[in-house]
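Peer 1: Next one to model:
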Amino acid sequence: MNRRSMNGFIIVILTLGGIGLLATLVRNPMWLLQQIAFYAVIAGVIFLIYRYAFQKRIGRGNSAYEKAVKQSKRRFDDRDSKVKSISQARKNLKKGSALKKKKQTHLTVIEGKKGKKKNRAFF
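Peer 2: Residues are numbered from 1 along each chain as shown. Got it, this is the predicted structure:
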């Protein structure tokens, strides 16, 4: 079937459905409302079962992801505040106030053993 004949088929089906809905609405509107309410209740029960039974199992895997997202947001918020403080400091410097010097970090270099050869006798 090509696309035009498919569109025509869909239009015919939707038209017949609309005529049937209008006919039922005119002849027996209470039955139609009962059917709609019945299907709505069934759909609600299925949704609640899915939400409470299956989402708890799926949600366990997302806890690590959610924790990482929170940590990332905190890190980017810290960066934004640092950028704002740097721009604020530059403005103050232009006004004549001096920037405070950062304290030198106390880092030590730990010598590794990359250059030393292993004693092959002790395997």
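
Peer 1: can you give me the strands in the chain?
Peer 2: Counting by DSSP state E, one finds no strands in the chain.

Peer 1: Point out where it drops to low pLDDT.
Peer 2: Along the chain, the parts satisfying pLDDT under 70 run over 1-3, 55-61, 78-102, 115-123.

Peer 1: mind running it again at 80?
Peer 2: Flagging of the chain using pLDDT under 80 yields the residue ranges 1-6, 54-64, 75-123.

Peer 1: now the helices: where do they sit in it?
Peer 2: 3-27, 29-49, 55-95 (DSSP state H).

Peer 1: Counting by contacts, list what the shortest one packs against.
Peer 2: What it means is helix 29-49. helix 3-27 (3 or more CB pairs under 8 Å, 6 or more residues apart in numbering; DSSP states H and E). Yep, even glycine has a C-beta here, placed from its N, CA and C like the rest.

Peer 1: in the helix it packs on, what counts as buried?
Peer 2: Neighbour counts over helix 3-27 (16 or more other CB atoms under 10 Å) mark no residue as buried.

Peer 1: what angle separates that helix from helix 29-49?
Peer 2: Going by axes from the mean of the first three to the mean of the last three CA atoms, to 10 degrees, helix 3-27 is angled at 120 degrees with respect to helix 29-49.

Peer 1: Just name whatever secondary elements helix 3-27 is in contact with.
Peer 2: Against helix 3-27 (3+ CB pairs under 8 Å, 6+ apart) you get helix 29-49.

Peer 1: Convert the C-alpha atoms of the helix it packs on to PDB, please.
Peer 2: Coordinates of the C-alpha atoms in helix 29-49 are reproduced here as PDB (Å, rounded to 0.1, in the frame of the first residue of the first chain):
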ATOM      1  CA  PRO A  29     -25.400   8.500  26.600                       C
ATOM      2  CA  MET A  30     -25.400   6.900  30.100                       C
ATOM      3  CA  TRP A  31     -24.000   3.700  28.800                       C
ATOM      4  CA  LEU A  32     -21.200   5.600  27.000                       C
ATOM      5  CA  LEU A  33     -20.300   7.500  30.200                       C
ATOM      6  CA  GLN A  34     -20.300   4.200  32.200                       C
ATOM      7  CA  GLN A  35     -18.000   2.600  29.700                       C
ATOM      8  CA  ILE A  36     -15.600   5.600  29.800                       C
ATOM      9  CA  ALA A  37     -15.600   5.600  33.600                       C
ATOM     10  CA  PHE A  38     -15.000   1.900  33.700                       C
ATOM     11  CA  TYR A  39     -12.000   2.100  31.300                       C
ATOM     12  CA  ALA A  40     -10.600   5.100  33.200                       C
ATOM     13  CA  VAL A  41     -10.700   3.100  36.500                       C
ATOM     14  CA  ILE A  42      -9.000   0.100  34.900                       C
ATOM     15  CA  ALA A  43      -6.300   2.400  33.400                       C
ATOM     16  CA  GLY A  44      -5.800   4.100  36.800                       C
ATOM     17  CA  VAL A  45      -5.400   0.700  38.600                       C
ATOM     18  CA  ILE A  46      -2.900  -0.500  36.000                       C
ATOM     19  CA  PHE A  47      -1.000   2.800  36.300                       C
ATOM     20  CA  LEU A  48      -0.900   2.600  40.100                       C
ATOM     21  CA  ILE A  49       0.300  -1.000  40.000                       C
END
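
Peer 1: Fine by me, thanks again.
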